[in-house]
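>>> all I have is the shape, not the residue letters:
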């Protein structure tokens, strides 16, 4: 089982849902989260506008080595929001196989080999070359601080969190 070295897997403390922090039997694995994130077609990016209003928009992206990379136009609302407050939440389409990632987004600065891996993920998933290096596009990266996951059919037994060291 892969496990991020900088993360602790824990049970959420939600006694009102029947989830107790010492019950670890049905916790999900990071392998499961990794598969969901790699396979997802859409990632919902949630950020906050300057006036406090939430902003949520689906993007295409590539989950590579435990980080979400996504491209966007430099003028996009989410770019302005992230420039002001880098804290974001990302979730997948499904509420049945839930993955929610909290963290910070930043402009990705990756070596050419890593950029090639990210581009290859886009090509395989979306059948297009994302042109991530073009001047009017930005490549952003989400660095997780907390990941929440569960299976709706087995909730709350599968409720699992990963807490990352900052």
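Yep, it's here. Fair warning: this is a prediction, and the values are worked out from it, not measured in the lab.
>>> strands of the protein, start to end?
Under the criterion DSSP state E, strands of the chain are mapped to 7-10, 43-48, 54-59, 62-64, 67-73, 87-91, 97-107, 137-151, 160-164.
>>> tell me where the model's unsure across this protein.
Applying pLDDT under 70 to the chain picks out residues 1, 132-136, 166.
>>> go again using 90 as the cut-off
Across the chain, the ranges flagged by pLDDT under 90 are 1-6, 12-26, 71, 112, 128-138, 154-157, 165-166.
>>> which strands and helices sit next to the lengthiest helix in the chain?
Counting residues, the longest helix found in the chain (DSSP state H) is helix 112-126. Counting contacts by 3 or more CB pairs under 8 Å, 6 or more residues apart in numbering; DSSP states H and E, helix 112-126 is packed against strand 62-64. All C-beta spots, glycine's among them, are computed from the backbone N, C-alpha and C.
>>> which strands or helices does the strand it packs on pack on?
Under the contact definition 3+ CB pairs under 8 Å, 6+ apart, strand 62-64 sits against helix 30-39, strand 67-73, helix 112-126.
>>> give me the residues contacting that strand.
Outside strand 62-64, the residues that touch it by CB atoms under 8 Å, 6 or more residues apart in numbering are 34, 37-38, 40, 68-70, 114, 117-118, 121-122, 125.
>>> give me the nearest residue to residue 146, chain neighbours excluded.
Among residues not flanking residue 146 along the chain, residue 102 sits closest, at 4.4 Å (CB to CB, 6 or more residues apart in numbering).
>>> neighbours of the one you found, how many?
Neighbourhood size, residue 102 [other CB atoms under 10 Å]: 19.
>>> distance check, residue 138 against residue 54.
In this structure, residue 138 and residue 54 are 21 Å apart, going by CB to CB, to the nearest Å.
>>> kindly report the same for residue 128.
Distance, residue 128 to residue 54, by CB to CB: 29 Å.
>>> what residues are up against the closest residue to residue 49 other than its chain neighbours?
Nearest residue to residue 49, sequence neighbours excluded (CB to CB, 6+ apart): residue 55, at 5.5 Å. Applying CB under 8 Å, 6+ apart, one finds that residue 55 lies in contact with 46, 47, 48, 49, 77, 78, 81.
>>> 10 Å instead?
Contact analysis of residue 55 by CB atoms under 10 Å, 6 or more residues apart in numbering lists 45, 46, 47, 48, 49, 76, 77, 78, 80, 81, 82, 88.
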